[in-house]
Structure formats: C-alpha cells, structure tokens
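>>> Return atomic coordinates for the entry below.
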Amino acid sequence: MSKVNTNVCIITGNLVRDAELKYTSSQKPVLTFTVAVNRLGANNEQATDYFSCVFWGKTGEAISKYMTKGKGVLVRGQMRSRSYEAKDGHKITAWELTADNFGGIELLGSASGERQQAAPQQTQSYAPRQRNDWKPLEMNDPRGDGEANIPF
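From the prediction side, this is the model:
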C-alpha cells in the first residue's frame, strides 16, 4: 500500500504580467503566469516572493482573458517541481503552483485596491468569480465560555 501525503498551496497576490496561453503539441491548453506575494521580511520591511503558476486544460483557456497585469488573484493548487537541462548543460529544478482538477482561482481586484467590475456571466462552471468582500471566518462559541470549539 502506498502512502500519499498532502500538498496544498493557497496564495494571494497580484499578477506580474499578463498571463500567457499556449497549446501543447497535442493541442492541450496551458496557461502560465507569475503572482507576486508580499510578506514581512527582515526588520519588518516588505519583501516579495514570486510564484510561477500553471493552469491546464479548458479552465486555463477560459480564464486567460481575465488574467491581466496587476490583477489580484487567489490561487489554489499543488506545488510541483520539474527538472530540465539548461542550454549550458546544468540541471535546473523549477517549482510551479499547478492547478488541475482540484485547483482553482478567484479574481480579487487590482494592485491599487480599486474595485473591479464583475466578469461577464459564463455558461461554463469554471468561470472566475470576482471577490472584493472577503471577511475572516467568525467562530461560533456554542458553550458561551469564550473559547471556540475547534475540532482538532
């Protein structure tokens, strides 16, 4: 029996440039883009990490027209590595956030924080959703003792 571990990655940030839609030799769509994610670095100064992201199939094809530079996004998927040989002969390992059957994306807004117009309604179930109303989850306190019942 093989053991399967969990690999789930969720990031929020802004697109560094417009997403790029390409097709494999078998005509399978693949959408690639880079997301800049801000965090606190040394001395509480802002630092930025850059995540390469890949969406495969019709989902990537459908969302490609909405994926423009500066757009805020929430991306869910798996971190995966792939290796290749560079032109100079050195082996390179690239890490990508890959979304497929279990991944997803939500459009959050622009880098400047302005509200975005909702995308036109799509008949397909994988059209991106506009999100500018995110609020933290409120914990219920059924016992009334000031401690939330967390199931772990």
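
>>> so where do the helices sit in this structure?
57-63 (DSSP state H).

>>> List the buried residues for the strand ranked longest in the chain?
As assigned by DSSP state E, the longest strand anywhere in the chain is strand 71-85. Residues 71, 72, 73, 74, 75, 77 are the ones in strand 71-85 that count as buried (16 or more other Cβ atoms under 10 Å). Just so you know, the C-beta spots here come from the backbone N, C-alpha and C atoms, and that holds for glycine as well.

>>> So what are the sheet partners of it and their directions?
strand 9-15 (antiparallel), strand 91-99 (antiparallel), strand 104-110 (antiparallel) (DSSP bridges).

>>> Make JSON lines out of those strands and add mean pLDDT and distance to residue 38.
Output for the strands paired with strand 71-85, formatted as JSON lines (pLDDT from 0 to 100; distance: least, Cβ to Cβ, whole Å):
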{"stretch": "strand 9-15", "mean pLDDT": "94", "distance to residue 38": "7"}
{"stretch": "strand 91-99", "mean pLDDT": "91", "distance to residue 38": "16"}
{"stretch": "strand 104-110", "mean pLDDT": "74", "distance to residue 38": "13"}
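
>>> With respect to residue 67, which of the ones you listed lies nearest?
Nearest to residue 67, of all these, is strand 9-15, at 6.1 Å by Cβ to Cβ.

>>> quick one: low-confidence parts of the protein?
1, 100-103, 109-152 (pLDDT under 70).

>>> Look up how far residue 31 lies from residue 43.
37 Å (Cβ to Cβ, to the nearest Å).

>>> more crowded one of those two?
residue 31 (22 against 5; other Cβ atoms under 10 Å).

>>> what's the more buried one in contact with, if anything?
Counting by Cβ atoms under 8 Å, 6 or more residues apart in numbering, residue 31 touches 19, 20, 21, 22, 54, 55, 56, 60, 61, 63, 64, 67.
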